[in-house]
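Q: my questions are about this predicted structure, shown below with the sequence.
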Amino acid sequence: MSRALPEPWRVKVVEKIQLLPREERERLLVEGGFNLFKIPSEAVFIDLFTDSGTSAMSDWQWAGMMQGDEAYAGARNFFHLQDTIRDVFGFPAFLPVHQGRVAENLLFSTVLTRPGMVIPNNCHFDTTRANIEVNGGVALDLVIPEGRDSQASHPFKGNMDLLRLRRLLVEERGNVPLCMLTLTNNSGGGQPVSLANVKAVSELCREFDVPFYIDACRFAENAWFIKQREKGQGHKSVAEIVREIFSFADGCTMSAKKDGLANIGGFLASRNEGLLETLKQRLIVIEGFPTYGGLAGRDLEAVSRGLREVLDENYLRFRIGQVESFGAMLTQAGIPIMQPTGGHAVYIDAKQLLPHIPPLELPAQALSVALYREGGIRGVEIGSVMFGSEHPETGEPIPAPMELIRLAVPRRVFTNSHLEYVAGVLEDIRDQRHTLRGLRMTYAPKVLRHFTASFEELAPERVAVAV
Ligand code: F0G
């Protein structure tokens, strides 16, 4: 009999979690303006808000933490990380930062030299988009059409649409200072990009003399998908595939809070020494000296070890398999999810589950409220709250193309029985889905509004009419 292998680790330390009484959860929802960012972590039972910074570190990483060199300049851990980045990615030089968005900020505040310059990507993550827009740029998503259809089946739904990229590079010649590709495509369902697509994007960029940078947050998960799904790649090790991916890039931004298996950290790597020198001066002003970049020596060590550890194929097999079986549990419970499951998360299609709530009444936010109310579970809305916009002239709200809720699975943290509980709660929500109400935003800042927005639930009478 064939059976899936269990977790390739054993538990050494545990952390208590608890389900608060329902009235407490209700009170916290109201107090937090129905924004899950405002719920204290200790009031959450199963936190699937993010896979970022939430990994359980290994004994090897913790042992490395004890060897942190906290010197201001030239800490030994910087050199360890330098060796790791050379070995794993093949980049000769890098700047450490405390998390990914600082790398984005450094890069875009420098390459966007005049308003209206365009940065294409398969899909920009929200911080990437924000860092482009606050620096006067236009962030353009050019993922293939299948990547926007939650039910389309395609092994690499994160791929860049090469025809649209070519058209853009022709039409905007001289106005595209850099092209990005996000591995895996977080905002588009955690879907992978094929090696062939990475190569093709790189070649197009070279043809138009545009630097090509990878948003590398989930590089190892992406490489695992390539090994599993891409013709002619199965015989290579994940480490080899990673080296090949990055051999096509001029640089990368990285949040080590994901596939760095660390709780904090990141870096910006580049083959362009001149650019790195400019960024280094900015880094000193906003983050710290270039051998620590806003991190303690011990954090640099945790990242250095995490980046090597994440290439372990037994780990990746379990990791991607766990997310996949979580998706299968939800499908079995009648919950529409984005297909196929991505690397780090399952994305529920709230538009399909809650057709009685129109997009402008925020169905994905309504579902995330229901998950906390019913089961103390926290997921994150990736729909019109995060990506909705306003018509520039009329101010009319424009909904996002998809209404998803992301249940991200932290690395090495939850067992399958935690995920079975989540599937059970979702099945209960499905059974009473007609009682769910839409929401109205009562406060929304201009940039990254989902972090601090407040909402109120629409009156039940209205819902009765809508149903
Ligand atoms: N790029 C991608 C694809 C990301 O998913 C994130 C973070 C970042 C950049 C920024 O990195 O948080 O270290 O500054 N994603 C987290 C998430 C927040 O929940 O998906 P950061």
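A: Noted; the coordinates are in hand. Numbers count the residues shown, from 1 in each chain.
Q: and the residue of this protein nearest the ligand?
A: G100 (2.7 Å; C-beta to the nearest ligand atom). Yep, even glycine has a C-beta here, placed from its N, CA and C like the rest.
Q: any low-confidence regions in this structure?
A: By pLDDT under 70, the low-scoring segments of the chain are 1-2, 461-467.
Q: now do the contacts for the spatially most central residue of it.
A: Central residue check for the chain by C-alpha atoms, centre = their mean: the C-alpha nearest the mean position is that of N186, 4.2 Å away. With contact set as C-beta atoms under 8 Å, 6 or more residues apart in numbering, N186 has these partners: C123, F125, C217, R218, H344.
Q: mind putting those residues into a markdown table with neighbour count, secondary structure and distance to the ligand?
A: Listed next are the contacts of N186 as a markdown table, based on neighbours: other C-beta atoms under 10 Å; DSSP: H, G, I helix; E, B strand; the rest coil; distance: C-beta to the nearest ligand atom, whole Å:
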| residue | neighbour count | secondary structure | distance to the ligand |
| --- | --- | --- | --- |
| C123 | 26 | coil | 9 |
| F125 | 23 | coil | 4 |
| C217 | 26 | coil | 4 |
| R218 | 29 | coil | 7 |
| H344 | 24 | coil | 8 |
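Q: tell me which helix or strand comes right after the strand or helix carrying L29.
A: Using DSSP states H and E, L29 sits in helix 22-31. Helices and strands here follow DSSP H and E; after helix 22-31, the next one along the chain is strand 46-47.
Q: helix or strand next in line after that next one, which one?
A: Downstream of strand 46-47, the first helix or strand assigned by DSSP H and E is helix 59-65.
Q: report the buried residues of that following helix.
A: Within helix 59-65, the residues that count as buried by 16 or more other C-beta atoms under 10 Å are Q61, G64, M65.
Q: next: stretch 309-319.
A: E309, V310, L311, D312, Y315, L316, R317, F318, R319.
Q: so E390 is in contact with P397, correct?
A: Yes - between E390 and P397 there is a contact under C-beta atoms under 8 Å: 5.8 Å.
Q: and this protein, split by domain according to the record?
A: Partitioning the chain according to automatic domain parsing yields domains covering residues 22-51+315-457, 59-309.
Q: to A4, which of the ones you listed lies closest?
A: A4 sits nearest to domain 22-51+315-457 of all these, at 6.2 Å, using C-beta to C-beta.
Q: quick check: which of the domains of the chain is buried the most?
A: Highest mean neighbour count among those (mean count of other C-beta atoms under 10 Å): domain 59-309, with a mean of 21.
Q: beyond the lengthiest helix in the chain, next helix or strand please.
A: Ranked by number of residues, the top helix in the chain under DSSP state H is helix 313-332. Sequence order places strand 345-349 as the next helix or strand after helix 313-332, per DSSP H and E.
Q: that following strand close to the ligand?
A: No - Strand 345-349 stays clear of the ligand (C-beta under 6 Å from any ligand atom), getting no nearer than 8.2 Å.
Q: re earlier: so which elements touch the longest helix of the chain?
A: helix 219-229, strand 345-349, helix 416-431 (3 or more C-beta pairs under 8 Å, 6 or more residues apart in numbering; DSSP states H and E).
Q: for that helix, output the C-alpha coordinates as CSV.
A: Extracted as CSV, the C-alpha positions of helix 313-332 are listed here (Å, rounded to 0.1, in the frame of the first residue of the first chain):
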residue,chain,number,x,y,z
GLU,A,313,13.4,17.9,-1.0
ASN,A,314,11.8,15.8,1.8
TYR,A,315,10.7,19.0,3.4
LEU,A,316,9.4,20.5,0.1
ARG,A,317,7.5,17.3,-0.7
PHE,A,318,5.7,17.4,2.6
ARG,A,319,5.2,21.1,2.5
ILE,A,320,3.6,21.3,-1.0
GLY,A,321,1.8,18.0,-0.3
GLN,A,322,0.2,19.4,2.9
VAL,A,323,-1.1,22.5,1.1
GLU,A,324,-2.4,20.3,-1.7
SER,A,325,-4.2,17.9,0.7
PHE,A,326,-5.7,20.9,2.6
GLY,A,327,-7.1,22.1,-0.8
ALA,A,328,-8.5,18.6,-1.4
MET,A,329,-10.2,18.7,2.1
LEU,A,330,-11.9,22.0,1.2
THR,A,331,-13.0,20.8,-2.2
GLN,A,332,-14.5,17.7,-0.6
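Q: near the ligand, which residues of the chain?
A: Contact residues, the chain versus the ligand (C-beta under 6 Å from any ligand atom): 50, 52, 99-101, 125, 127-128, 182, 186, 215, 217, 255, 257, 266.
Q: point out the ones among those residues that are inside strands.
A: Those of the residues of the chain next to the ligand mapping onto strands are T182, D215, S255, G266, per DSSP state E.
Q: touching, the third one and S52? I think so.
A: It refers to S255. Yes - in this structure, S255 is within contact of S52 by C-beta under 8 Å, at 6.6 Å.
Q: mutual contacts of the two, please.
A: C217.
Q: quick one: secondary structure of A370?
A: helix (DSSP: H, G, I helix; E, B strand; the rest coil).
Q: who's in contact with G424?
A: Contacts of G424 by C-beta under 8 Å, 6+ apart are A333.
Q: how much space separates it from D431?
A: Applying C-beta to C-beta, to the nearest Å, the value for G424 to D431 is 11 Å.
Q: got it, and E403?
A: Here the criterion is C-beta to C-beta. By it, E403 lies 20 Å from D431.
Q: what of P155?
A: Counting by C-beta to C-beta, the gap from P155 to D431 is 33 Å.
Q: hmm, back to that, list the helices and strands the helix holding L29 packs on?
A: Judged by 3+ C-beta pairs under 8 Å, 6+ apart, helix 22-31 is in contact with helix 363-375.
Q: tell me the angle the helix it packs on makes with helix 416-431.
A: Per axes from the mean of the first three to the mean of the last three C-alpha atoms, to 10 degrees, the angle that helix 363-375 makes with helix 416-431 is 120 degrees.
Q: so what are the sheet partners of the helix or strand following helix 363-375 and their directions?
A: Under the assignment DSSP H and E, the closest C-terminal helix or strand after helix 363-375 is strand 377-378. The strands that strand 377-378 pairs with in its sheet are strand 46-47 (parallel) (by DSSP bridges).
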